[in-house]
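Peer 1: quick one, what's the 3D model for this:
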Amino acid sequence: MVKIHYLYDPMCGWCFGATPLVEMMYEMTSIQLVMHPGGMIKRREIDSGFRKMAQSHDQKIALSTGQVFSQAYHERLSGNESIILDSYITAQAIWVMEKHYDKGFLMLKSIQQAHYQSALDTSNPNVLAEIAIRLGADKHHWFDLMSAEGGHSSNAIQKSHMLMQQWSLQGFPSFIVEKEGKYTRLPHAQFYNNITGWRALLESL
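Peer 2: Next up, the predicted model:
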């Protein structure tokens, strides 16, 4: 089995754009997907400059990848509602779903859909709980699990930064193939609208 390390951030638009590619890896029995959170945004309210930058980037991502950023999401970005982004609590929720339910990628995908398509506040622990419960998490124990894993996201993000430095990676998403003790970067940008070619590449690993 080939192991692929996925360096990602839940609040990264390009990672949302890459989700169909990651989903194919996740579904292939010949690949073990290992996810490493990036910690791109420590919990903060975004300002007008960030909102404009995000909308500009989102347009490019949509054109390049075919992923849909909803009208509700764009209206939320361009409106006056306070928006808080938090790469840490979302990464923590993804880890809890991976560790206890083996559904880390599905949690990431659902968080991305909640943020970019349903225009929900994914920095809100209650929103994350609702997503997790829909995926099968025990509603009576979810917050206990999140509390118990409270320090994991910071530690995992620190490890991710070390790996990115070790592998000379500069952004998200990034993919590293681990096979027979060797590590090689997996190119992906040219496959955003070429899922057939992406499958062929993965099958050749």
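Peer 1: residues in contact with Leu77?
Peer 2: Applying C-beta atoms under 8 Å, 6 or more residues apart in numbering, one finds that Leu77 lies in contact with 51, 54-55, 83. Every residue, glycine included, has its C-beta placed from N, CA and C.
Peer 1: just the pLDDT for it.
Peer 2: pLDDT, Leu77: 95.
Peer 1: which SSE is it in?
Peer 2: If you go by DSSP states H and E, Leu77 is part of helix 71-78.
Peer 1: buried sites along that helix?
Peer 2: For helix 71-78, burial by neighbour count (16 or more other C-beta atoms under 10 Å) applies to 73-74, 76-77.
Peer 1: given the helix or strand just after that helix, what are its sheet partners and their directions?
Peer 2: Moving toward the C-terminus from helix 71-78, the next helix or strand (DSSP H and E) is strand 84-85. Taking DSSP bridges as the criterion, strand 84-85 forms sheet pairs with strand 44-45 (antiparallel).
Peer 1: what sits up against the partner strand?
Peer 2: Residues outside strand 44-45 that contact it (C-beta under 8 Å, 6+ apart) are 82-86.
Peer 1: quick one: the helices in this protein?
Peer 2: 13-17, 19-27, 48-65, 71-78, 87-101, 104-116, 125-134, 142-148, 152-166, 195-203 (DSSP state H).
Peer 1: wait, which of these is closest to Glu178?
Peer 2: Within those, the stretch nearest Glu178 is helix 152-166; the backing value is 11.0 Å (C-beta to C-beta).
Peer 1: what packs against that closest one?
Peer 2: When contacts are defined as 3 or more C-beta pairs under 8 Å, 6 or more residues apart in numbering; DSSP states H and E, helix 152-166 packs onto strand 2-8, strand 31-37, helix 87-101.
Peer 1: what does the second one rub up against?
Peer 2: Pointing back at strand 31-37 there. 1-10, 22, 25-26, 87, 91, 94-95, 98, 104-105, 108, 153, 156-157, 159-160, 163, 202, 205.
Peer 1: please pull out the lowest mean pLDDT helix or strand from the protein.
Peer 2: None of the helices or strands of the chain scores lower by mean pLDDT, DSSP states H and E than helix 152-166, at a mean of 93.
Peer 1: only the buried residues of it, if you could.
Peer 2: So, applying 16+ other C-beta under 10 Å, buried residues of helix 152-166: 152-153, 156-157, 160, 163-164.
Peer 1: swap in stretch 192-202?
Peer 2: So for stretch 192-202, counting by 16+ other C-beta under 10 Å, buried means 192, 198, 201-202.
Peer 1: just the closest of those residues to Ser30, please.
Peer 2: Leu202 (8.0 Å).
Peer 1: residues contacting Gly66?
Peer 2: Here Gly66 is in contact with 192-193 (criterion: C-beta under 8 Å, 6+ apart).
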